[in-house]
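> no sequence on this one, just coordinates:
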């Protein structure tokens, strides 16, 4: 089994990622959290944790880690410090640690933040983080969902390098997509957008 560090494990989407990883036979989640209180929530369910702050050195969080999912975010409170520089910090440390794959939860619009009507600062931060990952030399997958909702997951999506519409997608379906692209034979060195759709997630990823 491969150890997968989940940055942002305590977030709404991050918790679902950790849960999905814990149910697979291929991956073992390591929840990166900021406090011992957060760690206890995971440890009572038998989930391994590591304390780390994306605004500081995070190299220690990658000990014995094979792959990384970055699902952290500041909720708009510190897009430069966390969403941009925190991501870059973890990318650089992952490169030094020879991580096999870095999966980035990005956002639709991060490829062209100047075209967005709102959240331009956030999208620019995500763009900078994505570009840093692409140029890092790491194997990566950048997943750019539309607006996240808390609807029940459908296990179906629509997926294109660039979708022609805006829309929503459940956090559960995003989490499922992020976990699936960890596989060695899926989505290597690519970026793509996802929304609610009619295609099974596994089938949609076959052509990436």
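Sure thing, it's come through. Keep in mind that this is a model prediction, so the values were computed, not measured.
> ok, the nearest residue to residue 36 once chain neighbours are set aside - contacts?
Leaving aside its sequence neighbours, residue 36 sits nearest to residue 51 (Cβ to Cβ, 6 or more residues apart in numbering; 7.1 Å). To be clear about C-beta, it is placed using only N, CA and C from the backbone, and glycine gets the same treatment. By Cβ atoms under 8 Å, 6 or more residues apart in numbering, residue 51 lies in contact with 32, 33, 34, 35, 36, 39, 61.
> for the fourth one, give its distance to residue 53.
As judged by Cβ to Cβ, to the nearest Å, residue 35 and residue 53 stand 9 Å apart.
> so between those two, which is more surrounded?
The neighbour comparison of residue 35 against residue 53 (other Cβ atoms under 10 Å) goes to residue 53, with 15 against 11.
> show me the contacts for the closest residue to that one other than its chain neighbours.
Nearest in space to residue 53, with sequence neighbours left out and distances taken as Cβ to Cβ, 6+ apart, is residue 34 at 5.6 Å. Listed by Cβ under 8 Å, 6+ apart, the contact set of residue 34 reads 10, 51, 52, 53.
> list phi and psi for residue 34.
Main-chain dihedrals, residue 34, degrees, to the nearest 10: phi -100, psi -20.
> residue 75: how many residues sit nearby?
Neighbours of residue 75 (other Cβ under 10 Å): 10.
> that one: what's it in contact with?
With Cβ under 8 Å, 6+ apart, residue 75 has no contacts at all.
> any of the contacts of residue 51 buried? List them.
Buried subset of the contacts of residue 51 (neighbour count, 16 or more other Cβ atoms under 10 Å): 32, 33, 39, 61.
> which of those residues fall in helices?
Residues of the buried ones among the contacts of residue 51 located in helices (DSSP state H): residue 39.
> quick one: classify the nearest residue to residue 115 once chain neighbours are set aside as helix, strand or coil.
Nearest residue to residue 115 in three dimensions, chain neighbours excluded: residue 109, at 7.3 Å (Cβ to Cβ, 6+ apart). Three-state assignment for residue 109 (DSSP: H, G, I helix; E, B strand; the rest coil): coil.
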